[in-house]
Each structure stands twice: as C-alpha cells, then as structure tokens.
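Engineer: could you work out the structure for the sequence below:
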Amino acid sequence: MVGQSAESGGQPSLAPLPRDYNAAVDLIDRNLEAGRGKKIAIRDDRGSYSYGDLAERVDRFADLAIGLGVAPEQRILLCLLDGIDFAAAFLGAIKAGIVPVPVNTLLTTGDYDFMLRDSRARLLVVSQPLLASFAPVLERHAGLKVVVAGEDGHGHPRLADLMAQAKSGFAAARTSCDDICFWLYSSGSTGTPKGAVHLHSHLIRTVELYARPVLGITADDVVFSAAKLFFAYGLGNALTFPLAVGATAVLMAERPTPAAVSRVLREGKPTIFYGVPTLYGALLASPELPARGELALRRCVSAGEALPTRRERRSSRARSASSRSPGRPAPPSIGTTASAAGRLSSASGRAAATNISRAKTATSPIAAAPTTCSRSAASMSRPSRSKARCCRTNPCSKRR
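Structural biologist: Numbering: from 1, shown residues only. Modelled structure (predicted):
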C-alpha cells in the first residue's frame with residue numbers, strides 16, 4: 001500500500017483504497033489471512049488475547065449492538081477503560097456500520113450529558129467504575145440503552161453476559177472508504193467540545209503515512225501508550241497501529257503514573273513506548289524508573305507539545321552515563337488530540353507532516369491539513385519559548 005519511506009527522505013505513495021471498504025474488517029482480517037490468528041494481539045490487566053480471540057469478540061459485539069436495535073450509521077457512546085472491551089466495542093461497532101464515539105473517561109456528568117445529546121447516541125457502553133458519572137442524567141435520554149462492562153451492572157445488562165449470548169461469524173456491513181467511521185470529541189478548551197468526524201479510510205492512512213514510515217513499527221513490536229485509547233494519539237498508538245502490522249499492544253486501565261508506567265515497562269517489555277514530555281520528565285525523576293537491563297525499548301515517542309531541549313539532554317545523559325534509561329531518543333510528534341487528520345513529526349533531523357485527509361505527506365506543516373499545528377518545521381528541533389508556549393497553552397489553536 002505504501003511506497004518510499006518518509007524517513008528516508010521520500011514521500012510515501014499510496015494505493016487507492018477499494019470503494020467497498022470496512023476499517024475493522026481490514027485491521028482484523030489482514031492478520032488472520034497472514035496466519036497470525038494465534039499470535040497475541042492485546043495484553044490487558046485481565047489477560048492476553050490472540051488475534052483470533054479479538055476477531056471473535058469483535059463479531060460478538062457487532063451482533064449484540066445490532067440485536068439491541070442500533071442501526072448502521074447511528075452513534076454509540078463508549079466510555080471504557082483501556083482493555084479488550086474497548087477494542088472489541090470500537091471495532092465491533094465499525095464492523096456493523098455503527099459509529100462509535102469514544103469519550104474521555106475523566107470528564108464530568110455535565111460533559112457526558114452534552115455528548116449524549118449532541119451525538120444522539122442510541123447505546124452507552126460504560127465501564128462499571130465510570131457509571132456513577134452518567135447515572136444522574138440517564139433518565140433525560142429517552143431511548144438510550146446502557147450496557148455496563150464490569151462485574152456489577154447496577155441494574156443494567158452486563159457486557160460480558162451479552163457477549164456470551166451473541167453470535168460469532170458476523171457478516172460485516174457494506175460500508176465504503178468514504179463512509180463515516182467514528183467520532184472523537186475535542187477537549188473543549190476553546191468552548192463547547194466539537195465532534196470530529198472520521199471516515200473508514202482514516203485509520204489505515206495514519207498507519208501508511210506515520211506508523212510505518214516514521215515509527216518503523218513492525219509485527220515484532222510490543223507497544224505501550226501512556227495516552228489512553230479515547231485520545232486520537234492513544235487510539236493509533238495502542239490499537240490501530242499495532243493491529244495494522246500484526247504487533248502486540250499492552251493496555252493498562254489505570255492512570256499512567258510514573259510508578260504504573262515503570263511497572264509496565266519492566267514487566268510488559270514493550271519495544272515502543274508513547275508518552276508526553278511531562279511524563280518523560282516525571283519518569284526521569286522517579287526512583288522507580290527501570291534499569292537499562294530491565295527494558296526492551298527500541299523507540300520512545302513524545303507528542304502533545306515540543307519535547308524541551310533540556311529534557312532531551314537529560315534523557316541523553318541518562319542513556320549514556322547511567323544504567324537507568326528511558327530508551328532510544330524520541331521523535332517529537334504534534335497532531336490534534338481529537339483529529340487523526342494531521343500529524344507533524346521530527347524524523348531523522350527533519351519535520352515530516354502527514355495529512356490523511358488529503359492522503360499525502362509534506363516536509364513542512366505549511367502543506368499539511370489545516371488541523372496540523374502551524375509551528376515552523378525548524379521550531380520542532382529548536383523550539384523558541386514563545387512557540388513552545390503556544391503549543392503548551394492551546395495546542396494547535398493557530399490554524400492556517
């Protein structure tokens with residue numbers, strides 16, 4: 001699907017996607033057809049799941065969603081902690097032609113009330129610990145069905161029970177590469193959160209334009225993202241990127257504290273780690289940072305804001321002069337939290353901007369999508385204080 005690597009100095013050439021295309025079918029079936037059915041696709045807090053297991057769970061969720069009366073092109077709200085249930089629900093909805101709307105698990109009841117109204121969701125799938133944030137407003141949403149992922153449904157059907165009753169072998173909905181696939185809400189930092197609409201083609205294009213040419217992700221990788229799956233950054237990092245190449249994703253439900261991240265780095269042995277500058281700083285200062293011999297990392301990625309030069313130097317010193325190392329230097333990346341349509345990365349000493357909505361790349365953000373941060377390519381490697389402040393206080397607010 002992709003030609004020359006952007007990291008090697010060329011621009012990836014993309015083959016057109018077929019008109020009849022379903023993103024979930026592509027991400028799952030390519031692994032089954034490649035003989036990876038028994039390979040571990042996801043490891044979460046509860047266990048390990050092969051690509052075959054994931055395929056069955058995706059089919060069962062698609063079947064149960066249709067069985068609950070959700071029609072293709074209607075929305076369902078997902079407020080789920082990172083784990084196999086998120087992957088099954090997100091991809092299962094897509095396979096059924098339903099539009100999943102993953103939302104931040106740390107929002108307020110008022111935020112959730114707005115998103116339920118704005119999306120006109122017909123189904124809410126929520127992790128048990130998060131149900132209390134929805135409970136006060138559920139009666140306001142007539143016709144909304146609720147499914148709880150957890151041991152106690154508190155009067156609502158449990159996801160595990162419905163999955164056990166659902167059928168496998170679901171026949172995918174007939175969707176096109178230009179059909180609406182999923183929504184992601186913006187943070188609302190400039191006002192009311194906005195639902196960013198994504199197409200079926202967007203997920204695989206981020207792989208072809210960023211994950212393969214910039215990150216160099218392969219089937220041999222084990223990936224771990226501190227950013228959660230409800231973020232565009234985390235969704236690619238820990239779900240669509242690894243599935244697209246047959247890698248393994250490590251998912252963690254709890255918040256990414258230095259102690260929790262250090263534990264996963266030590267025990268899960270990821271080869272690619274995705275973080276943000278503040279977390280890298282906290283890890284470098286933490287007494288629990290694993291020693292070099294405890295790590296399997298070959299690449300670390302930083303996004304959300306420019307990685308401060310002083311932090312890069314500290315990381316370099318830690319790698320060269322100490323047995324405590326966070327891994328290989330990170331290529332700083334900037335994209336939009338709620339939109340997978342633009343990403344700017346520093347790769348091999350230059351900036352590479354990917355634009356999936358136009359399906360091409362550029363060597364500076366000037367040619368990228370309007371959603372790409374407007375900072376200059378040079379500022380990625382040597383950020384001035386004013387430009388760095390722009391992306392810290394209001395990421396990507398300056399648009400073309």
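Engineer: got the phi/psi numbers for the residue nearest to the spatial centre of the chain?
Structural biologist: Closest residue to the average C-alpha location of the chain: Leu235 at 0.9 Å, with CA atoms, centre = their mean. Main-chain dihedrals, Leu235, degrees, to the nearest 10: phi -60, psi -40.
Engineer: ok, it touching Leu229?
Structural biologist: Yes: counting by CB atoms under 8 Å, Leu235 touches Leu229, with 5.3 Å between them. In this view, the C-beta of every residue, glycine as well, is placed from N, C-alpha and C.
Engineer: Arg117 against Ala142, yeah?
Structural biologist: No: if you go by CB under 8 Å, Arg117 and Ala142 don't touch, sitting 11.1 Å apart.
Engineer: in the stretch 51-200 of the chain, which spans are helices?
Structural biologist: Using DSSP state H, counting those that start in this stretch, the helices of the stretch 51-200 of the chain run over 51-67, 84-95, 109-119, 159-165, 200-206.
Engineer: closest to Ala259 out of those?
Structural biologist: Closest approach to Ala259 among the helices of the stretch 51-200 of the chain (CB to CB): helix 84-95, 22.9 Å.
Engineer: can you name the residues that contact the residue lying closest to Leu130 once chain neighbours are set aside?
Structural biologist: With sequence-adjacent residues excluded and distances taken as CB to CB, 6 or more residues apart in numbering, Leu130 is closest to Cys79, at 5.3 Å. Residues in contact with Cys79, defined by CB atoms under 8 Å, 6 or more residues apart in numbering, are 102-103, 105, 112, 124-127, 130, 133-134.
Engineer: what confidence value was assigned to Cys79?
Structural biologist: We have a pLDDT of 98 for Cys79.
Engineer: repeat for Ser302
Structural biologist: Note on Ser302: pLDDT of 87.
Engineer: relative to Ala226, how far out is it?
Structural biologist: Separation of Ser302 from Ala226 (CB to CB, to the nearest Å) stands at 10 Å.
Engineer: repeat that for Glu294.
Structural biologist: Distance, Glu294 to Ala226, by CB to CB: 18 Å.
Engineer: these two - which one has more neighbours?
Structural biologist: Higher neighbour count among Glu294 and Ala226: Ala226, with 23 against 15, using other CB atoms under 10 Å.
Engineer: domains of the chain?
Structural biologist: Domain segmentation of the chain under automatic domain parsing yields 23-32+50-198, 202-391.
Engineer: how long is the first one end to end?
Structural biologist: Spelled out, it's domain 23-32+50-198. Start to finish, the residues bounding domain 23-32+50-198 are 11 Å apart (CA to CA, to the nearest Å).
Engineer: remind me which residues of the stretch 301-400 of the chain are low pLDDT?
Structural biologist: Residue ranges of the stretch 301-400 of the chain with pLDDT under 70: 309-400.
Engineer: so how many other residues sit close to Tyr49?
Structural biologist: Per other CB under 10 Å, the neighbour tally for Tyr49 reads 23.
Engineer: so it touches Arg57, yeah?
Structural biologist: Yes: between Tyr49 and Arg57 there is a contact at 7.4 Å, judged by CB under 8 Å.
Engineer: what is in contact with those two at once?
Structural biologist: Shared contacts of Tyr49 and Arg57, defined by CB under 8 Å, 6+ apart, are found at Ile84.
Engineer: distance to Ile42 added to the domains of the chain, as TSV?
Structural biologist: Below are the domains of the chain laid out as TSV (distance: least, CB to CB, whole Å):
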stretch	distance to Ile42
domain 23-32+50-198	6
domain 202-391	5
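Engineer: go through those and find the least confident stretch.
Structural biologist: Comparing mean pLDDT across the domains of the chain, the weakest is domain 202-391, with a mean of 71.
Engineer: any idea how far the residue lying closest to Asp59 once chain neighbours are set aside is from Ala62?
Structural biologist: In space, and not counting its chain neighbours, Asp59 is closest to Phe170: 3.9 Å by CB to CB, 6+ apart. Distance from Phe170 to Ala62, counting by CB to CB: 4 Å.
Engineer: just Asp221 next, same as before
Structural biologist: Per CB to CB, Asp221 is found 28 Å from Ala62.
Engineer: before we move on, what about Ala71?
Structural biologist: Taken as CB to CB, the span from Ala71 to Ala62 is 13 Å.
Engineer: ok, the two, which is more surrounded?
Structural biologist: Shown here are Ala71 and Ala62; by other CB under 10 Å, Ala62 has more neighbours (29 against 12).
Engineer: thought the more buried one was touching Pro100?
Structural biologist: No: between Ala62 and Pro100 there is no contact, the gap being 11.0 Å when judged by CB under 8 Å.
Engineer: which stretches of the stretch 101-250 of the chain form strands?
Structural biologist: 123-127, 145-149, 180-185, 195-199, 222-225, 248-250 (DSSP state E, counting those that start in this stretch).
Engineer: out of the contacts of Cys79, grab the one that's most surrounded.
Structural biologist: The most crowded member of these, judged by other CB under 10 Å, is Val125 (29 neighbours).
Engineer: what distance do you get for it to Ala160?
Structural biologist: Per CB to CB, Val125 is found 12 Å from Ala160.
Engineer: so what sits against both of these two?
Structural biologist: With CB under 8 Å, 6+ apart as the test, Val125 and Ala160 both reach Ala149.
Engineer: quick one on the thing from earlier: overlap of the contact sets of Ala71 and Ala62?
Structural biologist: Shared contacts of Ala71 and Ala62 (CB under 8 Å, 6+ apart): Ile98.
Engineer: between Ser302 and Ala226, which contacts overlap?
Structural biologist: Taking CB under 8 Å, 6+ apart as the contact definition, Ser302 and Ala226 share the neighbouring residues 275-276.
Engineer: no further questions, thank you.
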